[in-house]
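Asker: Sequence plus the predicted model coming up.
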Amino acid sequence: MNKPNWQDIWGGVLIIAFGAFFAWYAQHTMNLGSLRRMGAGAFPLGVGIILMILGVLIVLPALRKPGPKIEFAIRTPLIILAAVCAFAFCVPRLGVVPAIFATVFISSLADRRLTPLFSFLVSISLSAAIWLLFVQGLNLPIPMFDWSW
Amino acid sequence: MEILANVALGLETALEPTNLLYCFLGVALGTIVGVIPGVGPLAAIAMLIPLTFYLDPTPALIMLAGIWYGTTYGGSTASILLNVPGTTSAAVTALDGYPMAQQGRASVALFMTAVASFAGGSIGIIVMMGFAPLIAQYALNFGPTEYFALMLLGLVAAASLSDGPPAKGLAVVTLGVAFGCIGTDIYSGAQRFTFDSLNLMDGLNLIALAIGLFGIAEIISTAGRREPTMVTKDSVRLRAMIPTKDDRRRSWMPVLRGAGFGSFFGTLPGTGPSIASFVAYAFEKRISKTPERFGKGAIEGIMAPEAANNAADQTAFIPTLALGVPGSATMALMLGVLIIHGIQPGPTLMAREPELFWGLVMSFWIGNLLLLVLNIPLVGLWARLLLVPYYILYPAVLVFICIGTLSVQQNIFHVWTVAFFGVVGYLMRVLGFSAAPLLLGFVLGPLMEEHFRRAMLISGGDFGFFFDRPISAVVMCLTGILLAHSLYRTVRAKMKSKAGSAA
């Protein structure tokens, strides 16, 4: 237990920042209208203001209260996110099969028990299964390979 | 008899081969998800929604519902055998289930929880069949004020009853409402927060948002985790399942009382199977003549919560389907699936889509029967699942998530959305926010805005309008009380810590 509660302070500050941006953006880019005829921006403006108030209500008690230590792992989340991004990056450029290989190989870095041979076998079988299910079964227009460039 | 005609129609729908198949698939997947600790029903349903995208709405909903109540059956298995709850709603079952297993009565406990689950589920379905049409009938003359008030109550209840400081829960719900604002404004056609991106014009995709928030978070916590070593072949080996006469005699009333609590808490917004099972357990312990037996393998201590959580699973559908106001994140997901399929939720749903509604309700009976069959003779098989080192599965699950998201509209932008909400979800976890209420806010936000703006249009901008009609006035007051209570809790916590630091 360390003091003050950094977890809530950071959380609250982020909420305040997001709410402020949300309210500001709504006010500047949208029509607010009147209460009788609310414009597109009125509701988001209200939501942003409520968020700021709630953020303050999170931060204030946290200043004087002890809280749990923030446990922040970097490696695993980063690898998993990189694997998802690799998929999103590869599909329009190379096709689904290369995307599957990229996702499996990158994500398997997160666990040392998974070997490259294992990843290779998983990628091959997933490619086959997805080809059967999505291309043959559902007739989805997803290119398995896309070398057209 | 109108109800008989409806039941016949529902049974006919539910027994169609396709629907039967998806019901079976749903409950089997649900059992697996429930047995494996760490994978909750919300994440499982989010990840499996793309599978149902190409189905008709009825089998899609039947399957997703099957996963939902199937997890509750499976959840008790790990609680009893390993003292690790498979799902949060089975956490209290471990209190007496694990001691029973240590006494060599694991099989009895598993058998009896399956029976309790079935009894609780059945009572929940009966309550649903009786009340849902009544509530829908009554709600037909609800106007925008009633809907706005009910949805607001749902959001506030879900936020302030979730664990942690209420302000954090409320902030998460509001964050969900904020994300729900993104897209084209339905009244004026104005672009809101689209940043000139065509991909955002239709708003954020519900499926991508749910998968990012819950699926990715689940994988991050699975990857690289060291499994507890206590899972051995021995702990999943099961012997005779015959409960003693004493077991049976002691189980009757706890099951009925548990189902009662479950049916009640299932319908309320913000509460659900987990709270129902806790309350049912606490109540049994309080009224017991021998409370000292609890925690040491009392059969009442597993029967009441298991009946309660299964009853709550079923009655949770009452507000979702009869009013179109979901009480939990999972139910919000179900409602979202309906909307994706172009079905307008609300009290007219039963009249407009009787096959969907009654087919779903009757599929609950079939699903519960299937679960009884799956869980009593086959429980050994499910228990063996606990031996699978499931870290080897996560790369495949990740690919499945990506391809599933892509398949929804063949738009790669949704996969980027998954990644974005993966970051949001992880950040929330690190900072101690529970992410589930966000989904509720995201689904209810746009509906609330619509009703609010309509109410303002009718009343000419007068806030008092919400207090003019009796039902909305009562609901608004309830919401106010809940908010005041939350505020009081926040302030009191502050005062306490002040007093603590002064001393």
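Answerer: Received, thanks.

Asker: Longest helix in chain A, please.
Answerer: In chain A, ranked by residue count with DSSP state H as the criterion, the top helix is helix A:6-29.

Asker: how about the helices in the stretch 1-150 of chain B?
Answerer: Taking DSSP state H, counting those that start in this stretch as the criterion, the stretch 1-150 of chain B carries its helices at B:2-14, B:17-35, B:41-52, B:57-82, B:93-102, B:106-139, B:144-161.

Asker: ranking the ones you listed by burial, who's on top?
Answerer: Across the helices of the stretch 1-150 of chain B, the average number of neighbours (mean count of other Cβ atoms under 10 Å in any protein chain shown) peaks for helix B:57-82, which reaches a mean of 28. Glycine gets a C-beta too; all of them are placed from N, C-alpha and C.

Asker: List the residues that contact B:Gly346.
Answerer: B:Gly346 makes contact with B:Ala139, B:Leu323, B:Gly324 under the criterion Cβ atoms under 8 Å, 6 or more residues apart in numbering or on different chains.

Asker: Now do the SS call for the spatially closest residue to the first one that is not a sequence neighbour.
Answerer: Going back to what we said before, that points to B:Ala139. Leaving aside its sequence neighbours, B:Ala139 sits nearest to B:Pro347 (Cβ to Cβ, 6 or more residues apart in numbering or on different chains; 3.9 Å). Here B:Pro347 is recorded as coil under DSSP: H, G, I helix; E, B strand; the rest coil.

Asker: Verify the stated contact: B:Pro347 with B:Pro319.
Answerer: No - counting by Cβ atoms under 8 Å, B:Pro347 sits too far from B:Pro319 to count as a contact (10.7 Å).

Asker: These two: who's more crowded?
Answerer: B:Pro319 (24 against 21; other Cβ atoms under 10 Å in any protein chain shown).

Asker: what residue of chain A is the furthest out?
Answerer: Taking Cα atoms, centre = their mean as the measure, the residue most remote from the mean C-alpha position of chain A is A:Arg36, 37.1 Å away.

Asker: And what about that residue, helix, strand or coil?
Answerer: A:Arg36 carries the three-state label coil when classified by three-state DSSP.

Asker: before we move on, the earlier item: let me have the contacts of B:Gly346 in a markdown table, extended by pLDDT.
Answerer: Below are the contacts of B:Gly346 laid out as a markdown table (pLDDT from 0 to 100):
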| residue | pLDDT |
| --- | --- |
| B:Ala139 | 89 |
| B:Leu323 | 90 |
| B:Gly324 | 89 |
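
Asker: out of these, who's nearest chain A?
Answerer: Within those, the smallest distance to chain A is 19.3 Å, found for B:Gly324 (Cβ to the nearest Cβ).

Asker: Tell me how far B:Leu64 lies from B:Ser363.
Answerer: B:Leu64 sits 11 Å away from B:Ser363, going by Cβ to Cβ, to the nearest Å.

Asker: Likewise for B:Leu378?
Answerer: For B:Leu378, the distance to B:Ser363 (Cβ to Cβ) stands at 20 Å.

Asker: do B:Thr244 as well
Answerer: The spacing between B:Thr244 and B:Ser363, counted by Cβ to Cβ, is 35 Å.

Asker: Those two: who's more crowded?
Answerer: Neighbour totals were compared for B:Thr244 and B:Ser363, and B:Ser363 leads with 30 against 11 (other Cβ under 10 Å).

Asker: Work out for me the element that one sits within.
Answerer: Remark: B:Ser363 resides in helix B:354-375, with elements defined by DSSP states H and E.

Asker: okay, the angle between that helix and helix B:106-139?
Answerer: Compare the direction of helix B:354-375 with that of helix B:106-139 by axes from the mean of the first three to the mean of the last three Cα atoms, to 10 degrees and you get 170 degrees.

Asker: relative to helix B:2-14, how tilted is helix B:354-375?
Answerer: Helix B:354-375 and helix B:2-14 meet at an angle of 60 degrees, taking the same axes, to 10 degrees as the criterion.

Asker: Please name every helix or strand in contact with helix B:354-375.
Answerer: When contacts are defined as 3 or more Cβ pairs under 8 Å, 6 or more residues apart in numbering or on different chains; DSSP states H and E, helix B:354-375 packs onto helix B:2-14, helix B:17-35, helix B:57-82, helix B:106-139, helix B:349-352.

Asker: Try it again at 7 Å.
Answerer: helix B:2-14, helix B:17-35, helix B:57-82, helix B:106-139 (3 or more Cβ pairs under 7 Å, 6 or more residues apart in numbering or on different chains; DSSP states H and E).

Asker: Following it in sequence, what is the next regular element?
Answerer: Next in line after helix B:354-375, if elements are assigned by DSSP H and E, sits helix B:379-385.

Asker: So for whichever helix or strand comes after that following helix, mean pLDDT?
Answerer: Where DSSP H and E defines the elements, the next helix or strand beyond helix B:379-385 is helix B:394-409. Per-residue confidence for helix B:394-409 averages out to 89 on the pLDDT scale.

Asker: mind exporting helix B:394-409 as PDB, just the C-alpha atoms?
Answerer: Extracted as PDB, the C-alpha positions of helix B:394-409 are listed here (Å, rounded to 0.1, in the frame of the first residue of the first chain):
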ATOM      1  CA  TYR B 394      -4.000 -18.600 -27.200                       C
ATOM      2  CA  PRO B 395      -2.200 -17.900 -30.600                       C
ATOM      3  CA  ALA B 396      -5.000 -19.800 -32.300                       C
ATOM      4  CA  VAL B 397      -7.700 -17.900 -30.300                       C
ATOM      5  CA  LEU B 398      -6.000 -14.600 -31.300                       C
ATOM      6  CA  VAL B 399      -6.200 -15.500 -35.000                       C
ATOM      7  CA  PHE B 400      -9.700 -16.600 -34.500                       C
ATOM      8  CA  ILE B 401     -10.600 -13.200 -33.000                       C
ATOM      9  CA  CYS B 402      -9.000 -11.300 -35.800                       C
ATOM     10  CA  ILE B 403     -10.500 -13.300 -38.600                       C
ATOM     11  CA  GLY B 404     -13.900 -13.300 -36.900                       C
ATOM     12  CA  THR B 405     -13.800  -9.500 -36.600                       C
ATOM     13  CA  LEU B 406     -12.700  -9.200 -40.200                       C
ATOM     14  CA  SER B 407     -15.500 -11.500 -41.400                       C
ATOM     15  CA  VAL B 408     -18.200  -9.400 -39.900                       C
ATOM     16  CA  GLN B 409     -18.100  -6.700 -42.600                       C
END
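
Asker: Perfect, that will be all.
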